[in-house]
Structures are given as structure tokens and as C-alpha cells.
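J.: Structure for this input, please:
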Amino acid sequence: MLKLSQFWILLTACITGWATPLLAQRTISDARIEYKLELPPEQLQMEAMFAGSNMIQYIRGNLSRIDMNFNVVNYIYLINAQTEGLITLMDNHGDKYLIRTDKKSYEEDMKRFQTTTFTDQAETREIAGYKCRKAIGKLADGGTFDVYYTVDIIPENRYYNRRFLNLKGIPLEYEIIMKSGSKMKAIATKVDLSPVPMSIFDVPKGYREITSDELKKIRG
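T.: This next block holds a predicted model:
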């Protein structure tokens with residue numbers, strides 16, 4: 001039979017064991033995550049052109065922003081989950097274009113990603129100071145991509161990035177499937193959870209508004 005003192009030691013240990021992961025997990029409303037971008041091996045001949053390419057994910061409440069900087073061309077995506085609005089900005093060697101996605105197109109796009117599934121794997125690694133678990137994402141068209149995510153920080157706004165609607169945490173390393181079928185990799189280098197200024201989500205001036213069809217022609 002356990003003595004009373006032994007019982008309290010055991011109970012304390014159990015409570016501590018249960019409470020630790022709960023306390024470690026943090027729901028966030030603001031975040032700034034910096035990623036470095038790595039080209040797939042078959043495109044390393046273009047490495048010099050894309051050297052230093054990076055991406056920044058901003059989150060503040062219902063607002064989010066993604067900056068993708070490829071040196072030769074830069075993209076900014078401004079997303080408002082509350083109004084279901086998306087604005088795409090492209091700067092191609094100083095030629096600046098703005099494309100607005102209407103609510104209907106926004107909802108259709110979201111539906112495509114709502115069917116994405118993530119299957120956890122045994123592999124783990126530490127990225128930007130966070131322990132991450134590997135998962136395999138499967139898209140509606142059957143395509144797959146690897147992702148490492150942490151459950152230590154959970155975004156209040158699950159629509160901050162449509163790609164990860166069904167992921168159980170924040171992705172700190174993942175593959176991006178390109179139009180060619182190759183996979184580019186995004187790897188987090190810094191996670192900043194301090195408040196993000198509202199000005200980050202302002203639409204910058206100097207961009208010419210065009211339609212999505214016109215953008216497709218420009219992209220070729």
C-alpha cells in the first residue's frame with residue numbers, strides 16, 4: 001500500500017506529466033515566419049539567378065500575407081478570411097500588377113484545399129527552435145508533398161494559408177509543387193510571435209490592376 005506522502009508524489013508527477021504538453025501549446029493571433037526557399041535538384045542550374053530567394057508569412061487575426069521573393073519576380077498575397085478576399089500583387093522587373101479574386105472564386109479555391117489530407121509520419125526534427133513532426137499532404141488530384149509542422153503554436157485563423165486548412169499545427173518546412181511538377185522547398189529560419197503592424201496588410205500603390213486571365217498571359 002502506498003503511503004500518503006508517496007501518493008501525493010505520484011499524483012503530482014501525473015498532473016505535471018499531463019499538464020506539460022498543454023502548457024507548451026500556444027494559440028496565436030499574430031506571427032511573422034521567415035522561410036528560405038530551395039530549388040529542386042533538377043533546377044540547380046538556375047541557383048545563381050534565384051540565390052537568396054525567400055518567403056515571409058504574416059498573420060494577424062483574420063488577415064494574412066505571403067511574400068514570395070524570387071529576385072527575378074516577387075509575389076505578394078493579401079488574404080482576408082473574414083471578407084473572403086484575396087489580392088495578388090506581382091512585381092516582374094518593375095512591371096507591377098494587381099489581381100483581385102472575387103468571393104465566388106475564393107470559395108471555389110478554398111473547397112479544393114478542404115479535401116487535402118495530412119498523414120503523420122514517425123520522423124521528427126527541430127526547425128527554427130520548434131520540434132516538428134513530418135506529415136505527407138495529399139491533394140485532391142492525387143499529388144503529394146512533405147511537410148514538417150509544430151503543434152506548439154496553433155493559429156487562431158486556420159484560413160491564413162489555404163494550403164494548410166487541415167493541418168494540426170504551423171508548417172515550418174514544406175514542399176511547394178510547381179507548375180512543372182517539381183517541388184520547391186520552404187524551410188523556416190525565424191519565427192516571431194510579436195504583434196504584426198496593421199500597415200503590413202495595406203494594398204501598396206503603384207500597381208496596375210489586371211484580370212486573372214491577363215495575368216496568365218503574362219506568366220505564359
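J.: pLDDT weak spots in this protein?
T.: Confidence mapping of the chain against pLDDT under 70 gives the ranges 1-24, 42-49, 219-220.
J.: For it, which segments count as helices?
T.: Counting by DSSP state H, the segments of the chain that form helices are 4-24, 47-50, 103-114, 212-219.
J.: Show me what the closest residue in space to Arg208 that isn't next to it in sequence bridges to in the sheet.
T.: Nearest non-adjacent residue to Arg208, counting by C-beta to C-beta, 6 or more residues apart in numbering: Tyr97, 5.7 Å away. Just so you know, the C-beta spots here come from the backbone N, C-alpha and C atoms, and that holds for glycine as well. Tyr97 has these beta-bridge partners by DSSP bridges: Met90, Arg208.
J.: Does Tyr97 touch Leu215 like I think?
T.: Yes: using C-beta atoms under 8 Å, Tyr97 makes contact with Leu215 at a distance of 6.4 Å.
J.: anything in contact with each of these two?
T.: Shared contacts of Tyr97 and Leu215 (C-beta atoms under 8 Å, 6 or more residues apart in numbering): Met90.
J.: and those two? which has more neighbours close in?
T.: Taking neighbours as other C-beta atoms under 10 Å, Tyr97 and Leu215 compare with Tyr97 leading, 17 against 14.
J.: what sits against that one?
T.: With C-beta under 8 Å, 6+ apart, Tyr97 has these contacts: Leu89, Met90, Tyr207, Arg208, Glu209, Ile210, Glu214, Leu215, Ile218.
J.: Apply 7 Å and report the result again.
T.: Met90, Tyr207, Arg208, Ile210, Leu215, Ile218 (C-beta atoms under 7 Å, 6 or more residues apart in numbering).
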